[in-house]
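Peer 1: compute the structure for the input listed below.
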Amino acid sequence: MPKNKGKGGKNRKRGKNEADDEKRELVFKEDGQEYAQVLRMLGNGRCEAMCIDGTKRLSHIRGKMHKKVWIAAGDIILVGLRDYQDDKADVILKYMPDEARLLKAYGELPENIRLNEGIAGGGIDEDDDNAGDDYIEFEDEDIDKI
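Peer 2: Residues are numbered from 1 along each chain as shown. As a prediction, the model looks like this:
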């Protein structure tokens, strides 16, 4: 019979991100770092990201972020460039949507970059007549043909 040497199971490991909700200071890029937008997740702790300098790089999510900070396609991240491999990078930080908007306002991100507005903004225009209508309107003539 094995001895229980741990402090708990997977639910204990899940509950460690309590301090993530509070505001943190905005981190700008330094020398050897670049802003990027995630194109797609590849699995195995890797993602394909388009850097602001126009290069598509294979990015590795560092172990401190792995399974703690969830990264999805379209997220803005800060990557550390490698001196010896130009086509690979390491994910240092994931920016929250409000932080990404601040970076765009400060001019750090170019104006043509598309932020994930659909998740935070709702995506439905209130001024549209049929916003949220899930039915099709028929004219009287169309009903007779059916």
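Peer 1: next, the buried residues of the longest helix along the chain.
Peer 2: Among the segments of the chain that qualify as a helix by DSSP state H, the longest is helix 97-105. Buried residues in helix 97-105, defined by neighbour count with 16 or more other CB atoms under 10 Å: 97, 99-101, 103. The C-beta positions use only the backbone N, C-alpha and C, and glycine is treated the same way.
Peer 1: those into JSON lines, with extra columns for distance to residue 10?
Peer 2: Listed next are those as JSON lines, based on distance: CB to CB, whole Å:
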{"residue": "97", "distance to residue 10": "28"}
{"residue": "99", "distance to residue 10": "29"}
{"residue": "100", "distance to residue 10": "31"}
{"residue": "101", "distance to residue 10": "34"}
{"residue": "103", "distance to residue 10": "34"}
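Peer 1: any idea which helix or strand of this protein has the worst average confidence?
Peer 2: Ranking every helix and strand in the chain by mean pLDDT, DSSP states H and E puts helix 117-121 at the bottom, with a mean of 44.
Peer 1: the longest helix of the chain packs against which elements?
Peer 2: The contact analysis (3 or more CB pairs under 8 Å, 6 or more residues apart in numbering; DSSP states H and E) places helix 97-105 against strand 76-81.
Peer 1: average model confidence for the strand ranked longest in the chain?
Peer 2: Identified as the longest strand of the chain according to DSSP state E is strand 33-43. Mean pLDDT, strand 33-43: 92.
Peer 1: could you point out the helix or strand that follows it?
Peer 2: With elements assigned by DSSP states H and E, the helix or strand that comes after strand 33-43 is strand 46-51.
Peer 1: could I get the buried residue list for that next one?
Peer 2: For strand 46-51, a neighbour-count test (16+ other CB under 10 Å) marks 47, 49, 51 as buried.
Peer 1: shaky segments in this structure?
Peer 2: For the chain, residues meeting the criterion pLDDT under 70 lie at 1-2, 6, 13-22, 116-146.
Peer 1: and if we set it to 80?
Peer 2: Residues of the chain meeting the criterion pLDDT under 80: 1-23, 115-146.
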